[in-house]
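Q: could you look at this predicted model? Sequence included:
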Amino acid sequence: MRLILLGPPGAGKGTQAQRLVQKYAIVQLSTGEMLRAAVAAETPIGLQAKDIMANGSLVPDEIVVGIISDRLDQPDMKNGFILDGFPRTVPQAEALDELLKKKHIKLDAVVELRVNESALLSRVETRVAEMRARGEDVRIDDTPEVLSKRLASYRALTEPLIHYYSERRKLLTVDGMMTIEHVTREINRILGAIGAVDEAKAAKKTAKNTAKKASGKVSAAAGKPAKKGAKVAKKATVAAKTASKGPKKGSKKTSAKATPKAAKKATRQATKGSKGRAAAKGTKVAKKVTKKRAKA
């Protein structure tokens, strides 16, 4: 199973990604983690990313796609993957499509967790208030103000992906405002339906190919006796024509009676060996010629 999770911050993508990883035994690909791993491993593309990150700049799309490409070649990717946090823009999605096409990898689905932004902000406000009431520290990136900025960024950059994947018939939308368990069940249901459809298509294609091969074999087998019969009939016709000309000059054994008899025998052989139309036609011609020549 090869998936992409879409949804605004706070939609629950991380939670659902972990559940999908466990259910399908696939690998969760986080671009942040992959970048850090490539830098630590000092791969050629990781070294490029290291210099860029050291300057505080954003890593270009081509480097991120290159890191994903290297990761997809690892043995643990055989069961599939789930991309979380990438792609974030339409150009990134186009680059990813090109990469998957080159590697002959099919993207099964893009699951969008659709949520109500106002409800998300309300949730965060409630959670922050409860944490402060308990005397707990609140992370600076876990406040309504920060969430509002992140939601605005999502609408501007990432939301166009919904239309992009919808046009390609890859988008599956789930109500992210349901409980965590309900969201999980709905995702599993629609992915199960996709799997069933893919299996049915594969079975239909296999059956079609099998029928086509069998049809070809039957046609070839039927053509052999017809061809053979036509060949024998042709010989019989030639023999009949030869008989009508009479014995060759200087021949002692050939007679007017014996020659039509030989042609008649050849005709019977043609009839026996022929099963196709061509053979039957040849036999009929041979009989007529033989009869005519014999009377003559």
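A: Received, thanks. On a predicted model such as this, the values are computed, not experimentally measured, just so you know.
Q: who are the contact partners of residue 132?
A: Shown in contact with residue 132 (C-beta atoms under 8 Å, 6 or more residues apart in numbering): residue 138. (Each C-beta comes from the backbone N, C-alpha and C, glycine too.)
Q: pull the helix or strand hosting it out as PDB, backbone CA atoms only.
A: In the assignment (DSSP states H and E), residue 132 maps to helix 117-133. Extracted C-alpha coordinates of helix 117-133, given in PDB (Å, rounded to 0.1, in the frame of the first residue of the first chain):
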ATOM      1  CA  GLU A 117     -10.700  25.100  11.100                       C
ATOM      2  CA  SER A 118     -12.800  26.900  13.700                       C
ATOM      3  CA  ALA A 119     -13.300  23.700  15.600                       C
ATOM      4  CA  LEU A 120      -9.500  23.100  15.500                       C
ATOM      5  CA  LEU A 121      -8.800  26.500  16.900                       C
ATOM      6  CA  SER A 122     -11.400  25.900  19.600                       C
ATOM      7  CA  ARG A 123      -9.700  22.500  20.500                       C
ATOM      8  CA  VAL A 124      -6.300  24.100  20.800                       C
ATOM      9  CA  GLU A 125      -7.600  27.000  23.000                       C
ATOM     10  CA  THR A 126      -9.300  24.500  25.300                       C
ATOM     11  CA  ARG A 127      -6.200  22.300  25.500                       C
ATOM     12  CA  VAL A 128      -3.900  25.300  26.200                       C
ATOM     13  CA  ALA A 129      -6.300  26.500  28.900                       C
ATOM     14  CA  GLU A 130      -6.400  23.100  30.600                       C
ATOM     15  CA  MET A 131      -2.600  22.800  30.500                       C
ATOM     16  CA  ARG A 132      -2.100  26.200  32.100                       C
ATOM     17  CA  ALA A 133      -4.700  25.400  34.700                       C
END
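Q: beyond it, next helix or strand please.
A: helix 144-153.
Q: what helices or strands is that next one leaning on?
A: Where contact means 3 or more C-beta pairs under 8 Å, 6 or more residues apart in numbering; DSSP states H and E, helix 144-153 is packed against helix 117-133.
Q: before we move on, the earlier item: list the buried residues of the helix holding residue 132.
A: Judged by neighbour count (16 or more other C-beta atoms under 10 Å), helix 117-133 contains these buried residues: 117, 120, 121, 123, 124, 128.
Q: which residue in those residues has the weakest pLDDT?
A: Minimum pLDDT across those is recorded for residue 123, with 82.
Q: now it: closest residue in space that isn't a chain neighbour?
A: Nearest residue to residue 123 in three dimensions, chain neighbours excluded: residue 10, at 7.0 Å (C-beta to C-beta, 6 or more residues apart in numbering).
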